[in-house]
Every structure is written in structure tokens, then in C-alpha cells.
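In: A predicted structure for the sequence below; I have some questions about it.
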Amino acid sequence: MSHTFHIPVLGLGFSIDTPLKIARYGISSVVSIVDDDLIERMREYHFPDKNGFEAIAKNEPEYRSRRITAYLNLLNFLVNTQHEALKLQGFTPGSDLSRYFDLLPADSAERRSYENMLSERNPYKKSCMQNRLRAQLRKGAIDVNIMSKVDKMNTTKGEDQRERLSDALAALKGFAESTLRSSVVLSAGLNPRLYTFIEEFGDFFPVGSRSPEKKIILKVSDYRSAFIQAKFLAKKGLWVHEFRIESGLNCGGHAFATEGFLLGPILEEFKEKREEMRAELYESYHAALCAKRYEVAFIPELRITVQGGIGTAEENDFLIRHFQLDGTGWGSPFLLVPEATNVDEETLKQLANATENDFYISGASPLGIPFNNFRNSSAEIQRIKRIEDGRPGSPCTKKYLVSNTEFTNEAICTASRKYQNLKINELNKKALPETEHLKVFNEITEKVCLCQGLVSSVYIKNGMVKAKENRAVTICPGPNTAYFRDIYSLDEMVKHIYGKLNLLEGISRPNMFINEIRLYINYLRNDTETNLRDISDKKIKQLEKFKEQLLKGINYYESMLSDHGLYPSGIARSFKKDLHQLRELAELVRTPLLG
């Protein structure tokens, strides 16, 4: 990789065409392939010959996977075209070719070769050096994301074809049949049907000494679940190319809270067990490939990266150096970089002017998973207005997140107007005390339509909004976004990551580990208070274990501080003081006693 960071998937639409904006500079990014309607509209938007565009209609066979394949093929073609055009450019100030090398980390071999070329005075040698540099140009990867549990079953013409037409399987098929040589990022846990389906595509297997055309990345939040998923795949002859570790709460999008396990101890476990894990996985992987009669000529690499809440070059460098990582992910800060992502102007200004209190973990997701939300978003304002008008909930048109059969035979979405009306009618019949009634009412109506809200911004920004289409924007930045208080260029953000520029100069911001501990303490406190009235022994044990692991994590950071070479003395003093205060706060959280 040319760069030591990547841009993770950002909602449904915020990074849907990010590769077209940054891949030519060697920066990798991740595209969501959940929403085939969005994908088809973006394919038309970017199609070079508007008169030659042929839509893939919903009444056509396998339309969902075919739409995804067609869009990914278009991205691949356009990025390849950009790449070839880059090679033809001169090394003149302001050219994309010069920008490619200017953006590279200062200690990379490519960057040093570039600087040597600039200082070379001999015209012949300079020309030869320039040709070698052009030959070294590398595109950023066009990776794709499938949220494993977003896997609605589908049928066609009354015939049950669920195994082939579920949303996640169709998305995988769309990627597998594309021309991309990149990775699928599988997130949200193990989906056995989806993982088994990968076996059907030869591009995920090696051929002799050649690596697979398509690779697998697992986005995980702890070592145990990562190993279980990787072992499941290895037994099928499928290798996990990279573990992408994400903070459970200090991230954007859905927040998959661990059982109190903090990021530092999790990374330490991966570091300590990396080679042991690789050896054990390879044993299963090798046996499975031999059984399938594949030639096994090499031990594949196993990359480990981390993302979630990283905000400074010092944090970035510390993570890579101390935990021996292969790279980092920077997501939410890039929402403030219009060159890289799709945030409409109004939302962009709101994000740039936001404070810490504007970002919070909510119950807004219909999936029932904690969801990072932004108080000032137009979707949140619309949600409140609908409640005031006596019409809570959203029209449900896309149906990607339908899951509830509490009132209906066919699954419906808990953010839909239909479900919320049914649930509120049921609530009204219970005659609960006013405080409890309001609490339950708020829980029902907190759900919002993510299918529409997470794509509105890209339509607004690109002038693609259709008549009567909802313009309300849902956006799900991580809490770290609060400290980036401006709108930035791509060059500024990349230079900030590599320590050439400090975008947070003069801004008071806690260390990323400290911020995560605070988020976990608040999560434990809220979970405890929510369950006080009606709590089982099982839940009490879960809360106690959560608190125990949280305190162990604080112990880990305190022991880490004893190694004086890890942090400059000023940072270490502040870190130690914050840890002491957070330990006291964590110990004050009283979990219920077992009955």
C-alpha cells in the first residue's frame, strides 16, 4: 500500500464513490454495496456516455447483484482510466502526478525517491528517475462492505429462492462477479449462510503462487469473535487477509459495544497471539485447500489494522508502532473533506460547527443496535416534527431493514409509520404511569429510516433529488468528529494524519483511549439504570462482568504508562490524571446485587 491509512465505509452514501475521488492518489477506501437503488443511480450519474446508459430494471432476473456488478465494474474502469492518465502527466507543480507523491508519508520509499528526483540536476538521470516513479504508481483499493446481518430474505414470483436472493448473498455475488481485484469487508458478525456462499466463487481462492483475486477482510471488535469467524472460513479454504479492529463505541455508524473490553487490551491480545493465530488458521486453511485440490505454494499474509476515534498523528503513530499494526482507518474526519466524501453543504456546515454534545449514541437504528447520531441533522429535526404533528415514523419504501413480525405476518421496519402507530396503540391500552409511558413512547419513536436518510446527502450534493423525494439527512459520525471544527481539503487531512500539519491546534481533546473509556462508563451507567426495575440474574452477571473488564482495561493503561518511552512526559501526566478520575467514575457505577 502507498499509504498507511484507509477510509472505512461511511454510511450508505457518504463513501459510495470515494474511490473516484482518491484512489488515483493511492488511498484505499470502502464502498457500501447494500443499497442497489443508490448504486444504480450512481452508475447512471457517473456513466461516461449518457446516451449509452442501459438501466437494470427491478423486474429483470438477479437485478440486485447485476446492478452491483455493473457499478463496481464502472468504478474499476474509471479509476483505471485515471491511473493511466496520471502516468502521462508531467511532474509540474499542481499536477495530480506531483500531488500523488506530495501526499505520501515522508518516510516512504516512494516519497524519498520522488524527493531525490526533484533534487537531481542531470536531465537524463532526472528523466530516468521520473519513468521509474511512474512505473511505481499504485492505485488505492476499491474495497466493498457487506453488513452480514443486513440480509433480508427475498422471493420472486411466489417461488422460494431465499438462499440465492437474500440481500447479503446478492451483494456478495455482485462483488464476486465484478472485475475488481480487491477485498470484501464483512462486518456485524458471523453469518454462516453468507460465509458458506463465498466458497462458490473461485476468485476467493489462490492459484499456485498467485494470491486470490478477491480477498476477505473482517471488521471485528474483539479477538475471540475474530478468531471464531476466521476459523470458520479457514475450514472452507478461505483466508482472512486482514482483521480490521474497530473500537466498540468510539466509532461512527452502528456501535457494537464489547463486554467492557477496551481497545488497548484488545490490540495487545492481537499482538501477542498474532503468529499463534496465523499458524493455527493456516493449518485449517491448508488442509481445506488440499481437500479441494488447490495447489498451496505460499503462506498468505495476515494484516491487522485499527480504526475508531483516532484523531492525531501522535495517536496514529503510537498505534502502529506499539501494537505492531499494518495500518489505521480514518473515517469520520473525512466527512469534513468534500473532495473525498458526499456530505451536502448544510450538513457539512453543521458538522464543522458542532460540539461534543451534538454527537451521541442513540437507539435510532431499526436494527436494535446502538447507533451514533447527530442531534442537528435534518432527519432528527424531521423526526421530532412528525411526532409533534401526530404522525410519528417514516414511510417505508426500500425495506432493507424490515425485521419485525410482532403485529404482522410479513416483516415490517420498526422505523416505519405503520409499526410505530401499531406499537403506540398497544402502549396506550396499557395505562402506564405518565413517566413510564413517555419513556416507552420515546423508545418507539426514536427509530428513524436509515435506508433513505443515509443516502439523501449524496443526492442533494450531486443534484440528484427526485420530485417528492425526502431530503432529510441522517448522518452517523463518531464522537471524535466534534474536535474537527472546519471544512478541510484532502491535502490538509492527509498531512494531519502524517504529522505534517496539526488541524487540532489549540483544541482541547482527550486522548482516544481516554475518550473510549468515558463512552464505556456512560454505556454501563445507562445500561444499569435502564434495567434496574426488571432485571434478571443473567443481566446482573453481564453488568458485573462488563464493569470488571472495564476496570481491567484501566489497569492495563496504567501499567502501559510505566513504560516511560511510550509517551512524552507531558502526555503521560495528563493521561495518568484522566485514568485516575475515570477509575473513580467506573467504581461509582453500582450494578444490582444478585437475588
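Out: Structure's in. What do you need? Residues are numbered from 1 along each chain as shown.

In: and the next element down the chain from the top helix by length along the chain?
Out: Selection of the longest helix in the chain by residue count, based on DSSP state H, yields helix 263-291. From helix 263-291 onward toward the C-terminus, using DSSP states H and E, the following helix or strand is strand 303-307.

In: mean confidence score for that following strand?
Out: Across strand 303-307, pLDDT averages out at 98.

In: Please pull out the lowest mean pLDDT helix or strand from this structure.
Out: When the helices and strands of the chain are scored by mean pLDDT, DSSP states H and E, helix 162-165 comes last with a mean of 53.

In: all strands for the chain, in order.
Out: Chain-ordered strands for the chain, with DSSP state E as the definition, fall at 5-7, 28-32, 142-147, 183-187, 215-220, 240-246, 303-307, 327-329, 359-362, 371-374.

In: With respect to I424, which of those strands lies nearest?
Out: Evaluated over the strands of the chain, closeness to I424 peaks at strand 359-362, with 19.0 Å, by CB to CB. (C-beta placed from N, C-alpha, C; glycine too.)

In: That closest one pairs with which strands, parallel or anti?
Out: Taking DSSP bridges as the criterion, strand 359-362 forms sheet pairs with strand 371-374 (antiparallel).

In: got a list of contacts for the strand it pairs with?
Out: 251-255, 350-351, 354, 358-365, 380, 474-479 (CB atoms under 8 Å, 6 or more residues apart in numbering).

In: Show me just the buried residues among those residues.
Out: 251-255, 350-351, 354, 358-359, 361-365, 380, 474-479 (16 or more other CB atoms under 10 Å).

In: Of those residues, which belong to helices?
Out: Reading helices off the buried ones among the contacts of strand 371-374 with DSSP H, I get 350-351, 380.

In: R391: neighbouring residues, count only.
Out: R391: 12 surrounding residues under other CB atoms under 10 Å.

In: got the contact list for it?
Out: Taking CB under 8 Å, 6+ apart as the criterion, R391 is in contact with R417.

In: quick one: I304 and F323, what's the gap?
Out: I304 sits 8 Å away from F323, taking CB to CB, to the nearest Å as the criterion.

In: Now do the shared contacts for the two.
Out: Common neighbours of I304 and F323 (CB under 8 Å, 6+ apart) are F270.

In: What are the boundaries of the helices in the stretch 351-500 of the chain?
Out: Ranges of helices within the stretch 351-500 of the chain are 378-388, 417-428, 434-445, 450-453, 456-461, 490-497, based on DSSP state H, counting those that start in this stretch.

In: ok, now which ones touch I299?
Out: Here I299 is in contact with 278, 282 (CB under 8 Å, 6+ apart).

In: roughly how far apart are it and R583?
Out: For I299, the distance to R583 equals 43 Å [CB to CB].

In: Next: E200.
Out: Applying CB to CB to E200 and R583 gives a distance of 51 Å.

In: More neighbours: which of these two?
Out: Set E200 next to R583 and count neighbours by other CB under 10 Å: R583 wins out with 18 against 11.

In: Now for the closest residue to that one other than its chain neighbours, how many residues are close by?
Out: Taking CB to CB, 6 or more residues apart in numbering, and ignoring the residues beside it in sequence, R583 has I554 as its nearest neighbour in space, at 5.1 Å. Number of residues near I554 (other CB under 10 Å) recorded here: 22.

In: Nearest to S187, out of the helices of the stretch 351-500 of the chain?
Out: The nearest among those, by CB to CB, is helix 450-453 at 14.9 Å.

In: Mind exporting the C-alpha coordinates of that closest one to CSV?
Out: Provided in CSV are the C-alpha atoms of helix 450-453 (Å, rounded to 0.1, in the frame of the first residue of the first chain):
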residue,chain,number,x,y,z
LEU,A,450,-31.8,4.8,7.7
CYS,A,451,-32.4,3.5,4.2
GLN,A,452,-33.5,6.9,3.0
GLY,A,453,-31.7,9.2,5.5
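
In: Show me how far it is from its chain's centre.
Out: 17 Å (CA atoms, centre = their mean, to the nearest Å).

In: And for stretch 279-292?
Out: Averaging C-alpha positions (CA atoms, centre = their mean) puts stretch 279-292 29 Å from its chain's average.

In: List the buried residues of that stretch.
Out: Buried residues in stretch 279-292 (16+ other CB under 10 Å): 281-282, 284-286, 288-289.

In: Kindly report the same for stretch 73-89.
Out: 73-76, 78-79, 82-83, 86.

In: Among those residues, which ones are in helices?
Out: Reading helices off these with DSSP H, I get 73-76, 78-79, 82-83, 86.

In: Can you report how many residues lie near F407?
Out: 13.

In: what's the neighbour count on the nearest residue to it once chain neighbours are set aside?
Out: Counting by CB to CB, 6+ apart, F407 lies nearest to L422, which is 4.5 Å off, once chain neighbours are set aside. A count of nearby residues for L422, using other CB under 10 Å, gives 18.

In: per-residue confidence averaged over stretch 222-235?
Out: Mean per-residue pLDDT for stretch 222-235: 97.

In: got it, and stretch 125-140?
Out: Mean per-residue pLDDT for stretch 125-140: 97.

In: For it, which residues meet the burial criterion?
Out: Buried-residue list, stretch 125-140, by 16+ other CB under 10 Å: 126, 129-130, 133, 137, 139-140.

In: who are the neighbours in contact with the residue lying closest to C451 once chain neighbours are set aside?
Out: Spatially, and ignoring its direct neighbours in sequence, C451 is nearest to K398 (3.9 Å; CB to CB, 6+ apart). Applying CB under 8 Å, 6+ apart, we find K398 in contact with 35, 37, 451-452.

In: swap in I424?
Out: By CB under 8 Å, 6+ apart, I424 lies in contact with 392, 441, 444-445.

In: Tell me which two of those sit farthest apart.
Out: Spatial extent of the contacts of I424 (CB to CB) is set by the pair P392 and F441 at 8.8 Å.

In: between these two, who's got more neighbours?
Out: Taking neighbours as other CB under 10 Å, P392 and F441 compare with P392 leading, 22 against 18.

In: Can you give me the distance of the closest residue to that one other than its chain neighbours to Y45?
Out: The shortest distance from P392 to any non-neighbouring residue, by CB to CB, 6+ apart, is to T445 (4.5 Å). Separation of T445 from Y45 (CB to CB): 34 Å.

In: Many thanks, have a good one.
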